[in-house]
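J.: Quick one, what's the 3D model for this:
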Amino acid sequence: MKHYIEKANILLEALPYIKKFNEKIFVVKFGGHVMIDGELRKAFIKDVVMFKFIGINPIVVHGGGPQIDEYLQKLGKTPKFVNGLRVTDEETMEIVEMVLVGKINKKIVVDINQMGGKAIGLCGKDANLIIAKQKEPEKGSDINYGSVGEVTTINSKMLKNLCYGKFIPVIAPVGVDENGKSYNLNADTVAGAIASSLRAEKLILLTDVEGVKDRDGSLITSMDEDEITAKISNQVVTGGMIPKIKCCIAALKTGVKKTHIIDGRIMHSILLEIFTQKGVGTEIHLSKDPKEMKEVSGTLFDR
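T.: Got it, this is the predicted structure:
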């Protein structure tokens with residue numbers, strides 16, 4: 001009997017959050033180890049379907065870097081990265097699109113549907129969901145990244161129609177320009193742009209680390225913009241975590257309510273982060289009340 005009472009208490013702990021987030025939109029970046037570990041992947045899919053059944057509207061944006069590398073190597077091409085970005089020539093772009101849109105995206109859709117959800121797989125070409133432009137070289141650099149793009153606009157109206165029409169959008173990070181050219185996009189950036197365009201309740205980035213850590217290795221459960229600036233300056237936060245944090249800050253400044261960087265290696269990590277008081281990752285928030293802040297340049301409005 002004690003075991004069942006504990007289960008009831010867990011459900012009761014989640015009740016205020018279920019009520020608070022009813023009909024809200026959560027944008028979740030799905031990537032890293034959780035995509036390739038069978039048990040973690042299955043748990044994530046169940047969590048997403050559960051969100052929908054209890055009244056939360058999830059949107060899944062997925063990556064696929066390791067899978068793209070695998071296919072490139074099978075075809076005798078060596079993956080090339082500069083400053084963390086995949087140099088994408090025309091042939092590589094065809095492979096990127098094939099793997100992300102044709103393989104990974106549809107597999108996620110099938111998994112969600114088999115769990116009882118109603119998923120629809122999309123990329124930027126569908127109803128001009130993600131309009132992009134070619135990424136410009138850094139100042140003083142002549143590096144040509146090829147078909148690496150930057151998001152310019154999101155068709156948020158279509159996503160709203162799908163979400164409130166009982167569907168779960170699953171989005172591959174491939175964009176298109178006005179001339180129909182495809183672009184390889186960073187999945188974190190796409191997730192942030194989509195969350196901003198929808199003024200989502202939450203942006204959740206799944207990673208292969210616990211979250212943001214302090215100098216002593218302890219998890220930082222909550223950070224604001226001022227703390228982030230100081231920790232980056234003091235080199236407490238370094239490497240690949242910096243662009244993820246900056247993505248979260250940009251989303252917050254354009255209307256997203258809360259952002260989270262969490263460890264996707266933990267079973268049911270998104271449920272634990274959202275429906276428990278302690279959480280399992282790092283919540284990032286602004287130093288100031290968002291209502292006091294002006295809209296920043298580059299905000300993605302509904303089309």
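J.: Which residue ranges of the stretch 101-250 of the chain form helices?
T.: Using DSSP state H, counting those that start in this stretch, the helices of the stretch 101-250 of the chain run over 105-114, 156-163, 187-198, 225-233, 241-253.
J.: What is the second one packed up against?
T.: So that's helix 156-163. Helix 156-163 sits against strand 57-62, strand 168-171, helix 187-198, with contacts defined as 3 or more Cβ pairs under 8 Å, 6 or more residues apart in numbering; DSSP states H and E. All C-beta spots, glycine's among them, are computed from the backbone N, C-alpha and C.
J.: And the average pLDDT for it is what?
T.: The average pLDDT for helix 156-163 rounds to 96.
J.: List the buried residues of it.
T.: Buried residues in helix 156-163, defined by neighbour count with 16 or more other Cβ atoms under 10 Å: 156, 158-159, 162-163.
J.: Export those residues to JSON lines and append columns for distance to residue 99.
T.: Listed next are the buried residues of helix 156-163 as JSON lines, based on distance: Cβ to Cβ, whole Å:
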{"residue": "156", "distance to residue 99": "26"}
{"residue": "158", "distance to residue 99": "24"}
{"residue": "159", "distance to residue 99": "23"}
{"residue": "162", "distance to residue 99": "24"}
{"residue": "163", "distance to residue 99": "26"}
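J.: Just tell me which of the helices of the stretch 101-250 of the chain ends up closest to residue 91.
T.: Proximity of the helices of the stretch 101-250 of the chain to residue 91 was assessed by Cβ to Cβ; the nearest stretch is helix 105-114, lying at 20.4 Å.
J.: and the helices and strands packed on helix 156-163 as TSV, adding mean neighbour count, mean pLDDT and distance to residue 142?
T.: Listed next are the helices and strands packed on helix 156-163 as TSV, based on neighbours: other Cβ atoms under 10 Å; pLDDT from 0 to 100; distance: least, Cβ to Cβ, whole Å:
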stretch	mean neighbour count	mean pLDDT	distance to residue 142
strand 57-62	25	98	31
strand 168-171	26	98	32
helix 187-198	27	96	23
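J.: Which one of those lies nearest to residue 143?
T.: Ranking the helices and strands packed on helix 156-163 by proximity to residue 143 (Cβ to Cβ) places helix 187-198 first, at 18.1 Å.
J.: which residues are contacting the closest one?
T.: With contacts defined as Cβ atoms under 8 Å, 6 or more residues apart in numbering, helix 187-198 is touched by 25, 27-29, 31, 59, 61-64, 130, 150-151, 153-154, 156, 159-160, 171, 173, 175, 200, 202-203, 205, 243-244, 247-248, 250-251, 254-256, 259, 299-302.
J.: Please list only the buried members of those.
T.: In the contacts of helix 187-198, the ones that pass as buried (16+ other Cβ under 10 Å) are 25, 27-29, 31, 59, 61-64, 130, 150-151, 153-154, 156, 159, 171, 173, 175, 200, 202-203, 205, 244, 247-248, 250-251, 254-256, 259, 300.
J.: Which strand residues bridge the residue lying closest to residue 258 once chain neighbours are set aside?
T.: Nearest non-adjacent residue to residue 258, counting by Cβ to Cβ, 6 or more residues apart in numbering: residue 202, 5.1 Å away. Beta bridges link residue 202 to residue 26, residue 258, judged by DSSP bridges.
J.: before we move on, back to that, which of the helices of the stretch 101-250 of the chain sits closest to residue 45?
T.: Shortest distance between residue 45 and these, using Cβ to Cβ, is found for helix 105-114: 4.8 Å.
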